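J.: Provided below for reference: sequence and predicted model.
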Amino acid sequence: MTPIHILLVEDNEGDILLTREAFKEAKILIKLSVVRDGEEAVNFLTKQGEYLLAEVPDLLLLDINLPKKNGHEVLQFIKGDEGLKHIPVIILSTSSSPKDVNMAYSHYVNCFITKPLDVNDFIGVIASIENFWISIVRLPANKENK
């Protein structure tokens, strides 16, 4: 079975470590790639610079508050690109602002999750993402491998 490839776009090292740990406990085979700012995310997705050989992810976890390009800009880029818009994008952010939520959905985010502050709750959210988006949902075929 081919692992599900998840791209995590996150600048907070603590959240990156927690996310890695939560996925390590998973029973499902995944490949987790991490980029730490919005510009790096766009480069990864378009295979530019150091990401020339990067694989297109099957699922993207995206923070809003990122350096260089914020999550809204990255989301707009993805959903406006014919070759990338099929990738499900989950906003995973500390923001619970109605403005951020509405803007994300207006740019076709697949779901918006506010990060819990409690470590155990955060791990629970990652487990829920894994359970729903990997175990239950059928993800679109990666256009790169069609």
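T.: Received, thanks. Numbers count the residues shown, from 1 in each chain.
J.: C-alpha only now, for contacts and for neighbours.
T.: Noted.
J.: what lies in contact with the helix or strand bottoming out on mean pLDDT in the chain?
T.: Least confident helix or strand of the chain, by mean pLDDT, DSSP states H and E, is helix 119-129 with a mean of 82. By CA atoms under 8 Å, 6 or more residues apart in numbering, the surrounding residues in contact with helix 119-129 are 18-19, 22-23, 26, 115-116.
J.: any idea how far it is from the chain center?
T.: On the basis of CA atoms, centre = their mean, to the nearest Å, helix 119-129 is displaced by 15 Å from the centre of the chain it belongs to.
J.: how about stretch 65-83?
T.: Centroid separation for stretch 65-83 versus its chain: 11 Å, with CA atoms, centre = their mean.
J.: out of the contacts of helix 119-129, which one sits closest to V137?
T.: Distance to V137 across the contacts of helix 119-129 (CA to CA) is lowest for A26, with 16.1 Å.
J.: for V89, see how far away the residue positioned nearest the centre of the chain is.
T.: When CA atoms, centre = their mean is applied to the chain, the residue found nearest the centroid is L61 (1.5 Å). According to CA to CA, to the nearest Å, L61 and V89 sit 6 Å apart.
J.: just D100 next, same as before
T.: Distance, D100 to V89, using CA to CA: 15 Å.
J.: settle it for me: which of these two has more neighbours?
T.: A side-by-side neighbour count of D100 and V89, using other CA atoms under 10 Å, places V89 first with 22 against 17.
J.: just the strands in the chain please.
T.: 4-9, 30-35, 59-62, 89-93, 111-114 (DSSP state E).
J.: who wins for proximity to I78 among the ones you listed?
T.: Among the strands of the chain, the nearest to I78 by CA to CA is strand 89-93 (8.8 Å).
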